[in-house]
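Novice: attaching a predicted model along with its sequence, questions to come.
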Amino acid sequence: MASGPFDAIVIGSGMGGLAAGAALASIGKRALLLERHTQPGGLTQTFERDGFRFNVGVHNLGGFGEHGINRRLFDKLAGGRVKMAPIVGTYDRLRFPDFNLAFTPPAAQLKQALVNAFPHEARGIDAYFSALHAANEAMGALQATHSAPGFLATPMAWLKRDAIKRWVGRTTWEVVTETVTDPKLQAVLCAQWGDYGSRPLDGSFGMHAMVMTHYLDGAWYPVGGSGSFAREFGRSITDAGGEIRTSAEVTRINCEGQRVHGVTLANGEAIDGRCVISDIGIHNTLRLLPSDEVDYQWAADALAIQPSAGYVGLYLGLEGDIAAQGADTANSWIHDSWDVNTVWRDPSVQPRAPALFVSFPSLRDPAHDPGPRRRHTAEIVALVDWSAFSQWDRSDDEGGMKKGAPAALRSESYAAFKALLQANLLAQFAEHFPALAPMVVAAECSTPISVATYTGAEHGAMYGLETTPQRFLSAALRPRTPIGGLFLAGQDACAPGVTGAFFGGLMAAANAQPKLYALLR
C-alpha cells in the first residue's frame, strides 16, 4: 500500500477515474483512487458465474484504428498494454419486422447500403451524413469550451454558438425527420439510441452524431475482456506511486470557504488533499458536499437534469458451436416495431421488451478459450424505465452516495420480479435465436437496482445523466466546479459511454494539471 500525501484523491474507479489517475501518473503525479465496491472498474468491471466471465457494460469501442486518437491515448496512459481486437466486417446489425440492415465500415459502404435499401432517399441520406459530420464537430467544439480555462472558453463558445445551437441544441428526432421523410428510414437512422441512453425524441443530435461517427471506421473489442482497463490503467497509477483502494466508500467531501481539503470515508478515516476528482456523477458529488459550501445555481442546474435510462441485463452461458447456429461478432439491435421511441415501461405487465440489444462477446475476444465444451457467452440488454424498480430502492439522502438496496434488504417480491424478467427475456431471445436457446446452460439477470447497488449510479443509469440538449448546454456539467480543487470526471463531465467517460477523466486531470492539455490536442 502506498503512503500519502497524494497529489490527487479520485472518488470512484470507473473509466473516468482510471483515466484521470493514469493521466496524472503520466506526469509523475500520485493519485489515490477510492472505490466503494470490492473491485475497481465501475461499468467496465467483469464478473463470473458458473465459470463464464461477463462484461458489465462494454461491448465494443470505436477510434482504435492505426491513427485513432483513442488508440494513441490508451497506449500512452496504459503503456500499450491494453490490446484491442478489430471486429471484422459488420459491427452492428439492425433487425426490424421484415427488414434487416448491416452496419459495415467504411462509411461509404454503410451509406451505399442505406441508399440500396431506400433509393428514393438518396439525397436525404447524403444530407444526413453531412449533418453527422457537422454535428460531431460542433460537439467537439462544445466539449473543448467546457474543458478550457474560462478566459478561453467564452470566446470559443461565442465563435461556435450557431453550430452548437443548431446541432447540439436540437433532438435527434428533429434533425433526422428534417433530413429524411421515409418513416422506416427515420427509424433505421435512430435505432441505435441505446448506445447513448436517451430516446430520439429527447436526445441531443450532437450526441447521436458523436456516437455514429465514432464507429464509421469500425469497432474494436478489448482482448481479455473489459477487466483489462482497470488492471492496466491501474498498473500505471500504482507504478507512479499511486494507490487504488477498494471497499473504501467516501461519505463526505471536506471543504471550507469553497475550497476542498480532503475526504472522509465511511469508516471515519479522514484523508487530506487539496485536489479531489469525482468520478461518481454530479448528483452523487453534490450529496457528499456540505450544503453551505455549494453554489446554489450550480446545484440547481445540475439537479434539473435527470438520470439517463437504466437497463435489464441478461447474461447467458452457452455450450456448443454457437457460430454455426446464428451467433456472430456483430451487435444485434432487435426492434419489435418501427416505433423506436419506446422504452420498456413496466415489465411486470409487458412480457416483451420493445427492443433488445444482443451480443456474443466470447466470439470477439481472441483471448477467449472455449475449451472442449465450447463454452461461450451472450449478453442481452433491454432499456427500462426506473419507475418499474423504484419500490425496491432503499436509498436515502441523508449523507453519502445514493445506493441501491443492499442484498440483505432485497425482498422476496424483488427476487420474484427478477425471475420473471429472466424468464421473459430468455423466451424473447429464443424467438430470435431458436437454434441457440437449447445451448443455454447458465443465466444471470441484472436490473437497475443491481447497477445502483454495485456502482452507486443514480437510478441504475448506465450513462450518467440523460443525453438531452439541456444536459450538454448546461454550464454545470464541466470538469471545473465552483469549489476550488474539486473537479468532475467521467460521463457527466463529458459524454456517455466508455470513451466519453475516459475523456471526462482526461479533462478533469487537465484542469487540475494544465500541462496535461497537451494530451488532448
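Specialist: Arrived safely, thanks for sending.

Novice: Ser26 and Thr447, how far apart?
Specialist: 38 Å (CB to CB, to the nearest Å). Glycine gets a C-beta too; all of them are placed from N, C-alpha and C.

Novice: which one's more surrounded, the two?
Specialist: Set side by side, Ser26 and Thr447 show more neighbours around Thr447, with 23 against 20, by other CB atoms under 10 Å.

Novice: quick one: contacts for that one?
Specialist: With contact set as CB atoms under 8 Å, 6 or more residues apart in numbering, Thr447 has these partners: Gly310, Val312, Gly313, Val384, Phe389, Phe417, Lys418, Leu421, Gly460.

Novice: what's the mean pLDDT across stretch 354-369?
Specialist: Stretch 354-369 carries an average pLDDT of 97.

Novice: kindly check the end-to-end length of that stretch for me.
Specialist: End-to-end distance of stretch 354-369 (CA to CA, to the nearest Å): 34 Å.

Novice: flag every buried residue along it.
Specialist: Buried residues in stretch 354-369, counting neighbours by 16 or more other CB atoms under 10 Å, are found at 354-365, 368.

Novice: which stretches of the chain have low pLDDT?
Specialist: With pLDDT under 70 as the threshold, the chain has low-confidence stretches at 1-3, 149-158, 394-410.

Novice: the contacts of Thr447 in strands, which ones?
Specialist: Of those, the ones assigned to strands by DSSP state E are Gly310, Val312, Gly313, Val384.

Novice: what sits opposite the third one in the beta ladder?
Specialist: Translated: Gly313. Residues in a beta bridge with Gly313, per DSSP bridges, are Val381, Ser446.

Novice: tell me how many other residues surround it.
Specialist: Neighbours of Gly313 (other CB under 10 Å): 23.

Novice: same check, this time on the first one
Specialist: Summarising burial for Gly310: neighbours were counted as other CB under 10 Å, giving 29.

Novice: now it: closest residue in space that isn't a chain neighbour?
Specialist: Pro448 (3.2 Å; CB to CB, 6 or more residues apart in numbering).

Novice: for the one you found, what are its contacts?
Specialist: Taking CB under 8 Å, 6+ apart as the test, what Pro448 contacts is Gly310, Tyr311, Val312, Val384, Trp386, Phe389, Gly404, His459, Gly460, Ala461.

Novice: could you pull out the helices for the stretch 51-200 of the chain?
Specialist: 69-78, 107-117, 122-147, 150-159, 161-163, 172-179, 183-190 (DSSP state H, counting those that start in this stretch).

Novice: mean neighbour count and distance to Arg199 added to the ones you listed, as CSV?
Specialist: Shown next, in CSV, are the helices of the stretch 51-200 of the chain (neighbours: other CB atoms under 10 Å; distance: least, CB to CB, whole Å):
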stretch, mean neighbour count, distance to Arg199
helix 69-78, 19, 27
helix 107-117, 15, 21
helix 122-147, 19, 17
helix 150-159, 12, 27
helix 161-163, 15, 24
helix 172-179, 20, 8
helix 183-190, 20, 9
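
Novice: if you rank the contacts of Thr447 by neighbours, which is first?
Specialist: Gly310 leads those on contacts (other CB under 10 Å) with 29 neighbours.

Novice: rewinding a little: out of the helices of the stretch 51-200 of the chain, nearest to Gly63?
Specialist: Of all these, helix 69-78 sits nearest to Gly63, with 3.5 Å by CB to CB.

Novice: by contact count, what packs against that closest one?
Specialist: Under the contact criterion of 3 or more CB pairs under 8 Å, 6 or more residues apart in numbering; DSSP states H and E, helix 69-78 touches helix 15-26, helix 227-239, helix 497-512.

Novice: out of those helices, flag the one nearest Glu178.
Specialist: helix 497-512 (25.6 Å).

Novice: figure out how far that closest one is from the centre of its chain.
Specialist: 12 Å (CA atoms, centre = their mean, to the nearest Å).

Novice: quick check: the farthest pair among the buried residues of stretch 354-369?
Specialist: Checked with CB to CB, the buried residues of stretch 354-369 reach their widest spread between Pro354 and His368, with 31.2 Å between them.

Novice: can you redo the contacts of Pro448 as CSV with distance to Gly225?
Specialist: Below are the contacts of Pro448 laid out as CSV (distance: CB to CB, whole Å):
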residue, distance to Gly225
Gly310, 23
Tyr311, 19
Val312, 21
Val384, 25
Trp386, 28
Phe389, 27
Gly404, 24
His459, 26
Gly460, 22
Ala461, 23
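
Novice: which one of those residues is nearest to Leu216?
Specialist: Tyr311 (25.0 Å).

Novice: still on that earlier bit, out of the buried residues of stretch 354-369, which are inside strands?
Specialist: Short answer: the buried residues of stretch 354-369 in strands (DSSP E) are Ala355, Leu356, Phe357, Val358, Ser359.

Novice: now do the helices in the stretch 301-450 of the chain.
Specialist: So, for the stretch 301-450 of the chain - with DSSP H, counting those that start in this stretch - the helices run 361-364, 412-432, 448-455.

Novice: how about those helices, which one is nearest Leu303?
Specialist: Closest to Leu303 of those is helix 448-455 (CB to CB; 17.6 Å).

Novice: dump the C-alpha coordinates for the closest one into CSV.
Specialist: What follows is helix 448-455 as a C-alpha-only set of coordinates in CSV (Å, rounded to 0.1, in the frame of the first residue of the first chain):
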residue,chain,number,x,y,z
PRO,A,448,-31.1,-1.0,-12.4
ILE,A,449,-31.1,-1.9,-8.7
SER,A,450,-28.1,-4.1,-9.3
VAL,A,451,-26.2,-1.3,-11.1
ALA,A,452,-27.2,1.2,-8.3
THR,A,453,-26.0,-1.2,-5.6
TYR,A,454,-22.6,-2.0,-7.1
THR,A,455,-21.7,1.3,-8.8
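
Novice: tell me the first helix or strand C-terminal of that helix.
Specialist: Reading on from helix 448-455 to the C-terminus, the next helix or strand found by DSSP states H and E is helix 469-473.

Novice: what does the helix or strand just after that following helix contact?
Specialist: Downstream of helix 469-473, the next assigned helix or strand under DSSP H and E is strand 486-488. Around strand 486-488, the neighbours that count as contacts under CB under 8 Å, 6+ apart are 253, 255, 260, 275-278, 282, 285, 477-481, 493, 504, 508-509, 511-512.

Novice: hmm, Arg364 is touching Val223, no?
Specialist: No: counting by CB atoms under 8 Å, Arg364 does not reach Val223; the two are 9.3 Å apart.

Novice: overlap of the contact sets of the two?
Specialist: Each of Ala85 lies in contact with both Arg364 and Val223 under the rule CB under 8 Å, 6+ apart.

Novice: please tell me I have it right and Leu114 contacts Gln186.
Specialist: No: between Leu114 and Gln186 there is no contact under CB under 8 Å: 11.9 Å.
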